[in-house]
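1. My questions concern the predicted model and sequence given below.
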Amino acid sequence: MLLGALIFSLSFLNPGLPPVEANAAGAAAIETMEMVSEVDAGRMIGDIGTISGYSRCSATAGKDDAASFIAGRLRSLGLDVRLDSFTGPDGNRFTNVIGEKRGASDPSRVAVLAAHFDSMPSRQFPPNCSAGPAPGANDDASGVAAVLEAARVMSARNFAGTVRFVLFDGEEYGHFGSKHYAESLAAGGETIEAAIDLDMVGYENDGGTRLFAVHDGRASQLLAVLNASVARYGIPVTLGNYALGTNWPANLDPNRLGDHLSFWNAGYGDTVGISEDIATDYGNDPAYHSSGDTLYKPDGSLRLRPDLMSAAAKLSVAALSDLAGPQGRDAWQAPSEDFYRLWERTDRAVEAGLETRSWFWGPKPIDTRWEPYEESPTGERLVQYFDKGRVEDNGGSVSGSTTAGLLVEEMVTGRVQTGDHSFATIHPSDVPVAGDLSQPGNASPSYSDFAAVSWPTCGPEPNRVGQYVSATIDGYGKVGIAADPAALVPVAAYDPNLGHNIPQVFWDFMNQEGLVADGGYYVNGVLMNWTEVLGLPISEPFWTKAFVSGEERDVLVQLFERRVLTYTPSNPEEWQVEMGNAGLHYLEWRYGPASPASGYLMALPAMIRLERFTSSGSTGSSSADTTSSGLPAP
């Protein structure tokens, strides 16, 4: 066995989980789920307020102002924006606004998300623009806001296929804008993989959250994607599928009357219109096609439903993203794919706000450098430090090129590993194991203070399962018994390997399940194989004092070979158990305070004594054979 080396195999990326197939039913694509979670109903309300402030009936300045606002927003997102102006059959000028996110690898695959931005003040047809203001908050500023929000969250990502965000003019005059657009595409021989038209997605008066996908019987692929998205991404909406001709003869069905009809007529059958209602000719909104179609009621309360509009945007994002094929977003730079995958598995969901658990690694790397390693082909290896730990690229020097050293054990013993069997001896770390790096006096014990109560100095402890943790350790390494501990924490498990007890709060954390990134998808599963991530416990759990953000707190601390676990009862529940900042502490110990990333070989501190050890001096811990044999099931 190798002291200080943890060999990661591919199975570490998926501990305790079967591999996820690329088309796994119910699995949530990582990029898509993050985009769905970023949809902001508050932004949509703001956009509806702006757009409905323009009276957008044909041939009015308000309609042109709305088009300028929409175009400016799409440009600000970095999209390729085009204004497509044309003269309608009635002789009026109309302008479609088109924003495009061009596909990175297969741009000829095109998915369209559309809505119309014109409005009308009455139900007279053709529209009588002198009848009054035409705010059109629901019809169809709600759809426009959903398109703009989808564009915002999707613009920061790359996709294999092309995604277009199209805002049509002239819908209220007989779908002039969409007819012009769809016929132009067909005349140019352009294919459209799918199109979604959002028209009135903000009003629902029965308390439910439902939307309807209207189709003409040819949208099987898109309907399958939409229906799967609701369940896969947890979108809070009931989606009904309405086939044209179900309630009326198809040629008289009022649900055909939207911009989706233009796509159907141009031969683009994989198109749906999404709306809040399909019940009657005038829909569910009594203010439809009137000056009363406003965002707010007279009493100042919202007339439209933020949750319903948000659901429409989320549904559109999910479907279009899965159709276009997300290719990832810019993230912190990892020197190897394995480094990134280790971090991504547990911490990407935390970074994205999908989980509220504490970090396993940290938000991003804090240092990348070269360190000496004897067996590496160049005599050094690339390492990357996070707040909580370190990963290493050994260049094929060991079985499995990505490893993580036993940082905590090194800081306690003062042995720095420089090869499979080579170590440098320096003074153990005086960095506090918990709390702020700089603490008044000897407020909190350091790693060196734990030397007398940790492996290999301290032998096996008795099995105390069922007893409460009462042992204490102070800033001088003095141990004692707390008569009244900060919290009653029972011991849940006993590790027979080195003979240490594990408290319930840590045992639960070590065996927790949650959302993890696995094979390009988010799935629910076991977060870690704890013997690989933490290593074996090398100390008992101890109550101590630590200063956190300058405030003294009671903290339960336990040292493992690779990590430190802390339990702070005064923290919010989801942050009560955390991994200590072993990676940051190790950098502080080995390289000095606030050492910047160097990108080149760093020397060990002065006054070191190189030693040679054989495997007989090891803990017997590596990912190849450490087990939790003899421990109770979580």
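-> Ah, there it is. Numbers count the residues shown, from 1 in each chain.

2. Helix or strand: which one has residue 67?
-> Element membership of residue 67 [criterion: DSSP states H and E] is helix 61-76.

3. Can you name the residues in contact with that helix?
-> 47, 50-51, 54-57, 81, 83, 95, 97, 99, 117-118, 134, 144, 148, 151, 165, 167, 169 (Cβ atoms under 8 Å, 6 or more residues apart in numbering). Placement of C-beta: from N, CA and C, glycine included.

4. out of the residues you listed, which are inside helices?
-> Counting by DSSP state H, the contacts of helix 61-76 place 47, 50-51, 144, 148, 151 in helices.

5. Please indicate which of these has the highest neighbour count?
-> Counting neighbours by other Cβ atoms under 10 Å, the top entry in the ones in helices among the contacts of helix 61-76 is residue 144, with 29 neighbours.

6. Just the endpoints, please. Distance across stretch 394-410?
-> 18 Å (Cα to Cα, to the nearest Å).

7. swap that for stretch 355-364, please
-> Separation of the first and last residues of stretch 355-364 by Cα to Cα is 16 Å.

8. before we move on, what about stretch 275-295?
-> End-to-end for stretch 275-295, by Cα to Cα: 17 Å.

9. pLDDT (mean, whole number) over that stretch?
-> For stretch 275-295, mean pLDDT rounds to 82.

10. buried sites along it?
-> For stretch 275-295, the neighbour count (16 or more other Cβ atoms under 10 Å) marks 275-278, 283-285, 287-295 as buried.

11. Identify, from those, the entry nearest to residue 371.
-> Residue 371 has its nearest neighbour among those in residue 295, at 59.0 Å by Cβ to Cβ.

12. correct me, but that closest one touches residue 47?
-> No - counting by Cβ atoms under 8 Å, no contact exists between residue 295 and residue 47, whose distance comes to 10.2 Å.

13. shared neighbours of the two, which are they?
-> Joint contacts of residue 295 and residue 47 (Cβ under 8 Å, 6+ apart) are residue 141.

14. that older thread, mind checking which of the contacts of helix 61-76 are in strands?
-> 81, 83, 95, 97, 99, 165, 167 (DSSP state E).

15. Chain neighbours aside, what residue packs nearest to the fifth one?
-> Of all residues not flanking residue 99 in the chain, residue 74 sits nearest, at 3.5 Å (Cβ to Cβ, 6 or more residues apart in numbering).

16. Same question for the third one.
-> For residue 95, the nearest residue in space outside its immediate sequence neighbours is residue 85; the separation is 4.5 Å by Cβ to Cβ, 6+ apart.

17. Give me the residue at the spatial middle of this protein.
-> residue 352 (2.9 Å; Cα atoms, centre = their mean).

18. Pretty sure residue 34 is one of the things that one touches, is it not?
-> Yes - assessed by Cβ under 8 Å, residue 352 is found in contact with residue 34 at 4.5 Å.

19. Strands of the stretch 101-250 of the chain, start to end?
-> 110-116, 162-168, 194-198, 210-215, 238-243 (DSSP state E, counting those that start in this stretch).

20. wait, which of those strands is closest to residue 231?
-> strand 238-243 (9.9 Å).
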